[in-house]
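>>> Sequence and predicted structure below; questions after.
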Amino acid sequence: MHLHDVLAVAVGLGMDAMSVSAAIGVKWHGPGQTFRLAWHMGLFQFAMPILGWSAGQQLADLLEHFGSYVAAALVFAVGVKMLYEALRRRPGEVEEKVEQRTEQFVEKVAHVRAKDPTKGWSLIVLSVATSLDALVVGFSLGIKGEGSIWLVSLVIGVVAAGMSLTGVLVGRRVGKALGPLAETVGALVLMGLAVSFLLL
């Protein structure tokens, strides 16, 4: 893959991490929380394509004649899913839900500090949930026979970490306005890449 293609994929995949980080950053945005969120988002976005690529490589011989079509279909499906979710969700809905659930929790146990989602299993779940698309992309690249997965994964991880950091810093106001738009842009980038798989 060319560098501009890798960057396009990385930005597309990082949109989910950025949106989630913006939602979390509404309340949890201390230095340690910001670092943990950015680090884990980047780490999982780095690791998932490698796992997917390894699995895709095993199937490469079986899919030699139509691997590009399978890769394009998988990436395009991810893009369509992201676009559908972005269009059906009104602006700020994700962030509002996070805020509402946080407020409800605090009301129920006012004497107990709200659980920090940038720690423990909550952080792992968030990291996995936002990196599943990267797993599919890695799988597609493995089928397509791309051999530079380590560099691709490194770029994806670094970009995701940076976008996650940006999401936390952006916080509540811009997060509400940018969330659906960011996801839509990411979806369109992935769909465009899927088309390029068939043309190149």
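On my side now, so go ahead. The shown structure was predicted, so the numbers you read here are calculated from the model rather than taken from an experiment.
>>> tell me the phi and psi of Asp116?
Backbone torsions of Asp116, given as degrees, to the nearest 10, read phi -80, psi 120.
>>> show me where the protein has helices.
Counting by DSSP state H, the chain has helices at residues 3-24, 31-59, 67-88, 93-108, 120-129, 132-144, 149-199.
>>> helices and strands of this structure: which one bottoms out on pLDDT?
The least trusted helix or strand in the chain, going by mean pLDDT, DSSP states H and E, turns out to be helix 93-108, with a mean of 51.
>>> Neighbours of Asp5, how many?
Counted with other Cβ atoms under 10 Å, residues neighbouring Asp5 total 14. C-beta coordinates here come from the backbone N, C-alpha and C atoms, glycine included.
>>> these two touch, right, it and Leu199?
No: the pair Asp5 and Leu199 does not pass the contact test of Cβ atoms under 8 Å, sitting 11.9 Å apart.
>>> Worst mean pLDDT among the helices of the chain?
Considering these one by one, the lowest average pLDDT is found for helix 93-108, at a mean of 51.
>>> Let me see the contact set for Trp53.
Trp53 sits next to Gly138, Phe139, Leu141, Gly142, Glu146, Ile149, Ser153 when contact means Cβ atoms under 8 Å, 6 or more residues apart in numbering.
>>> ok, the third one - how many residues close by?
The number of residues packed around Leu141, counting by other Cβ under 10 Å, is 25.
>>> do you know how far it is from Ala134?
In this view, Leu141 and Ala134 are 10 Å apart by Cβ to Cβ, to the nearest Å.
>>> where do the contact lists of the two overlap?
What both Leu141 and Ala134 touch, as defined by Cβ under 8 Å, 6+ apart, is the set Pro49, Gly52.
>>> wait, what's in contact with Ile156?
By Cβ under 8 Å, 6+ apart, the contact list for Ile156 reads Val6, Val9, Ala10, Leu13, Gly14, Gln45, Phe46, Pro49, Ala134.
>>> Put together JSON lines for the residues you listed, with neighbour count and distance to Val70 on each row.
Converted to JSON lines, those look like this (neighbours: other Cβ atoms under 10 Å; distance: Cβ to Cβ, whole Å):
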{"residue": "Val6", "neighbour count": "19", "distance to Val70": "20"}
{"residue": "Val9", "neighbour count": "25", "distance to Val70": "17"}
{"residue": "Ala10", "neighbour count": "25", "distance to Val70": "22"}
{"residue": "Leu13", "neighbour count": "29", "distance to Val70": "19"}
{"residue": "Gly14", "neighbour count": "29", "distance to Val70": "24"}
{"residue": "Gln45", "neighbour count": "31", "distance to Val70": "22"}
{"residue": "Phe46", "neighbour count": "22", "distance to Val70": "24"}
{"residue": "Pro49", "neighbour count": "33", "distance to Val70": "16"}
{"residue": "Ala134", "neighbour count": "31", "distance to Val70": "17"}
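>>> which of those residues lies closest to Val80?
Proximity to Val80 was ranked across the contacts of Ile156 by Cβ to Cβ; first place goes to Leu13, at 15.1 Å.
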